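In: Sequence plus predicted model, see below.
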Amino acid sequence: MFKTSLGEGAELRPLQADSAEEFLAHIDRGREFIGRHVALADTVADLDAARRILETYEQKAAADTGRIWGIWVDGTLVGGVLFRAMDFRMETAEAGCWLEPAAVGKGLVTRAVTVIIDWAIEVRGIHRVDWWASTRNAPSIAVAKRLGMTREGVAREAYLHRGVRHDMEIWSVLAPEWRAARDA
């Protein structure tokens, strides 16, 4: 896994189990904001849960089935991006993100997801990257658009979150499209 500068004091690097306390503090700062659309805010309820999530992603990384990175600004963890799932036989991955309120509107997610999509396509040979977002999550849909993804449709009531069923927009980008947009 890698770490890289995102510019303006921001850095993308792996989130690992030894960062569980920092991860929990970050989730606590943004719990209600993050939790509007992302189950992570409810899943990371305490230090043990934070450690378990990060250990799960360490296991996924070892098995090559997923990855998680944190976004740090001036040394403070403010969000993250991930490949929730990666399937190298099918050459597919599903990307996702979250941010605490203080980090919103700075282009961090777009820059971070650009880095991980580049890595997945150019280094790992992924052909298709998916992005699922609640139809109610306008900022996430805006990221998909900025990334040049194509909206493929809506999976009706596909996501149960906090007792409410959400319709999910499905967006994707294929490796040839990604390369063409990047090279343009």
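Out: Looks like it arrived, so ask away. Numbering: from 1, shown residues only.

In: which residue sits closest to residue 21, ignoring its sequence neighbours?
Out: residue 47 (6.4 Å; CB to CB, 6 or more residues apart in numbering). In this view, the C-beta of every residue, glycine as well, is placed from N, C-alpha and C.

In: In contact with that neighbour, which residues?
Out: Residues in contact with residue 47, defined by CB atoms under 8 Å, 6 or more residues apart in numbering, are 20, 21, 24.

In: For it, report the pLDDT, please.
Out: Reading off the confidence values, residue 47 has pLDDT 98.

In: Same question for the one 5 residues further on.
Out: Here the pLDDT value assigned to residue 52 is 98.

In: then whichever strand or helix holds it to CSV, C-alphas only?
Out: Element membership for residue 52, per DSSP states H and E: helix 47-63. Extracted C-alpha coordinates of helix 47-63, given in CSV (Å, rounded to 0.1, in the frame of the first residue of the first chain):
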residue,chain,number,x,y,z
LEU,A,47,-12.4,1.6,20.5
ASP,A,48,-12.8,-2.1,20.1
ALA,A,49,-15.2,-1.6,17.1
ALA,A,50,-12.7,0.9,15.6
ARG,A,51,-9.9,-1.6,15.9
ARG,A,52,-12.1,-4.5,14.5
ILE,A,53,-13.0,-2.4,11.4
LEU,A,54,-9.3,-1.6,10.8
GLU,A,55,-8.3,-5.2,11.4
THR,A,56,-10.9,-6.4,8.9
TYR,A,57,-9.5,-4.1,6.3
GLU,A,58,-5.9,-5.3,7.1
GLN,A,59,-7.3,-8.8,6.5
LYS,A,60,-8.9,-7.7,3.3
ALA,A,61,-5.6,-6.1,2.1
ALA,A,62,-3.8,-9.3,2.9
ALA,A,63,-6.4,-11.3,1.0
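
In: what is the nearest residue to residue 108 once chain neighbours are set aside paired to in the beta sheet?
Out: Among residues not flanking residue 108 along the chain, residue 71 sits closest, at 5.3 Å (CB to CB, 6+ apart). Beta-bridge pairing for residue 71 (DSSP bridges): residue 12, residue 79.

In: List the contacts of residue 71.
Out: Neighbour list for residue 71: 6, 10-12, 77-81, 99, 103, 108-109, 112 [criterion: CB under 8 Å, 6+ apart].

In: And residue 144, by the same measure?
Out: 131, 133, 151, 169, 171.

In: Sitting in helices, which of those do you find?
Out: For these, not one is inside helices, with DSSP state H as the criterion.
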